[in-house]
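Visitor: Next input, structure requested:
(4 chains)
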There are 2 protein chains.
Amino acid sequence: MNKIESIGSIIRFHRKKAGLTQKQLATLAGVGKTAVFDIEKGKKTVRLNTLTTLLSILNIHLIVQSPLMDQYNHDEGNG
Amino acid sequence: MNKIESIGSIIRFHRKKAGLTQKQLATLAGVGKTAVFDIEKGKKTVRLNTLTTLLSILNIHLIVQSPLMDQYNHDEGNG
DNA sequence: GATATTTTACTGGTATACCGGTAAATAACG
DNA sequence: CGTTATTTACCGGTATACCAGTAAAATATC
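Guide: Numbering: from 1, shown residues only, chains lettered A, B, ... in the order given. As a prediction, the model looks like this:
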């Protein structure tokens, strides 16, 4: 039920649960500390790959939902 | 069940269902045609806000999932 | 309260996302 | 087929994400 708009505070929550500082997470993800700080602060203009790298380290997944997804999934040849 | 990795082809599928060309979608979203083309092609280094603008127009939603999300949601004072 | 750790903030430099224009492939259609 | 619409590709220019330092708040630990 959680939306992408609150991804910053979600990342912060998971990072603390993992016992990591911003810098430690940044190093694990191979990005700068500024990127972690900016994303947790709610910056929307971050790059998708920077975000997804952090998410994968924290075991957070983004799921795509829409009324047409059933059609999409039943259709062969996607991806 | 669909992951963010295939967001490009998902967007393309929804755009066609909506009867829009890349340029029409770009104009609606207030972004350049290059951005739509790149995202549909699978570019991962796009900016999050560029992506989410397209998604909202096509009525596609990104949901955040993780084993710790229950804890996060029961905790007050997030956001 | 003093000290150490972490977070926040600012900076100059570099890489690149994004822009609109243009043009060549590719697809749709008579 | 020929014509039109769409997609793909490339371009120079501009804006900005990101980087590593540095330093000052804020927080935690003793």
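Visitor: ok, the residue most central in space within chain A - contacts?
Guide: When C-alpha atoms, centre = their mean is applied to chain A, the residue found nearest the centroid is residue A:55 (3.9 Å). Applying C-beta atoms under 8 Å, 6 or more residues apart in numbering or on different chains to residue A:55 gives the contacts A:7, A:11, A:61, A:62. Heads up, the C-betas are built off the backbone N, CA and C, glycines and all.
Visitor: Touching, the last one and residue B:2? I think so.
Guide: No: Residue A:62 lies out of contact with residue B:2 (C-beta atoms under 8 Å); the separation is 9.5 Å.
Visitor: Can you list the low-confidence ranges for chain A?
Guide: A:76-79 (pLDDT under 70).
Visitor: got the residues of it near DNA strand C?
Guide: Within chain A, the positions near DNA strand C by C-beta under 7 Å from any atom of the strand are A:16, A:21, A:22, A:23, A:33, A:34, A:37, A:40, A:41, A:47.
Visitor: Quick one: buried ones out of those residues?
Guide: A:22, A:40, A:47 (16 or more other C-beta atoms under 10 Å in any protein chain shown).
Visitor: Please enumerate the helices of chain A.
Guide: Under the criterion DSSP state H, helices of chain A are mapped to A:7-17, A:22-29, A:33-40, A:48-57, A:69-74.
Visitor: Need those helices in TSV (columns: distance to residue B:27).
Guide: Output for the helices of chain A, formatted as TSV (distance: least, C-beta to C-beta, whole Å):
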stretch	distance to residue B:27
helix A:7-17	27
helix A:22-29	35
helix A:33-40	29
helix A:48-57	22
helix A:69-74	24
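Visitor: Which of these sits closest to residue B:75?
Guide: helix A:7-17 (7.5 Å; C-beta to C-beta).
Visitor: Could you list every helix and strand in contact with that closest one?
Guide: Packing contacts for helix A:7-17, counted by 3 or more C-beta pairs under 8 Å, 6 or more residues apart in numbering or on different chains; DSSP states H and E, involve helix A:33-40, helix A:48-57, helix B:69-74.
Visitor: for the residues of chain A next to DNA strand C, which one is nearest chain B?
Guide: Nearest to chain B among the residues of chain A next to DNA strand C: residue A:47, at 5.1 Å, using C-beta to the nearest C-beta.
Visitor: give me the number of residues near residue A:44?
Guide: 16 (other C-beta atoms under 10 Å in any protein chain shown).
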